[in-house]
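Colleague: Predicted model and sequence follow; I will ask about them next.
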Amino acid sequence: QVQPVESGGGLVQAGSSLRLSCIAAGRSFIGYAVGWFRQAPGSEREFVASISWGGETVLADSVKGRFTISRENAESTVYLQMNSLKPEDTAVYYCARATGGLTTTEAQRYGYWGQGTHVIVAS
């Protein structure tokens, strides 16, 4: 059973940092790209970052220069390091495993989703 589990969210002040973690049981990230998406209240889910099985990364323009995605394949864990957080980063952040090994920004190319972790950035 592939079930990504996110952690690391919380309430922080603008300008702070958070690191989100996503772990999958049974090393089920092996061979697959993993992505992060977010959904703010009243908004649609949007792409944040993706990392391929080989380590190539893609970031949304809104987070470039502030967020970094990385992975530890041995632990089947993917991280989202978020620096210089802004109030507009407030959202539920979801981790998802792609259906293939390459990066993708399209939500429909992700087959397994976590339950999400809340990030609230106060101004």
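Modeller: That came in fine, so what should we check first? Numbers count the residues shown, from 1 in each chain.
Colleague: partner residues bridging residue 36?
Modeller: On the basis of DSSP bridges, residue 36 is bridged to residue 49, residue 95.
Colleague: any idea of the pLDDT on it?
Modeller: On pLDDT, residue 36 comes in at 98.
Colleague: One more: residue 3?
Modeller: 86.
Colleague: Contact partners for it?
Modeller: 24-25, 112, 114 (C-beta atoms under 8 Å, 6 or more residues apart in numbering). Any C-beta I mention is one placed from the backbone N, CA and C, and that applies to glycine too.
Colleague: Of these, which belong to strands?
Modeller: Per DSSP state E, strands hold the following members of the contacts of residue 3: 24, 112.
Colleague: What separation do you get for the spatially most central residue of the chain and residue 117?
Modeller: The residue lying closest to the centre of the chain (C-alpha atoms, centre = their mean) is residue 36, at 2.5 Å. Remark: distance between residue 36 and residue 117 (C-beta to C-beta, to the nearest Å) = 10 Å.
Colleague: And the strands in the protein?
Modeller: 4-7, 10-13, 18-24, 34-39, 46-51, 57-59, 67-72, 77-82, 91-98, 110-113, 117-122.
Colleague: what helices or strands is the third one leaning on?
Modeller: Secondary-structure packing of strand 18-24 (3 or more C-beta pairs under 8 Å, 6 or more residues apart in numbering; DSSP states H and E): strand 4-7, strand 34-39, strand 77-82, strand 91-98, strand 117-122.
Colleague: Would you format those strands as TSV with distance to residue 13 included?
Modeller: Output for these, formatted as TSV (distance: least, C-beta to C-beta, whole Å):
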stretch	distance to residue 13
strand 4-7	20
strand 34-39	19
strand 77-82	13
strand 91-98	16
strand 117-122	5
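Colleague: Quick one, which of those gets closest to residue 47.
Modeller: Closest approach to residue 47 among the helices and strands packed on strand 18-24 is made by strand 34-39 (5.7 Å; C-beta to C-beta).
Colleague: Might you report the residue contacts of residue 2?
Modeller: 24-26, 28, 97, 111-112.
Colleague: Which of these are buried? Put it as a ChimeraX command.
Modeller: Typed into ChimeraX, the line below selects the buried ones among those, using 16 or more other C-beta atoms under 10 Å:
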select :24,28,97,112
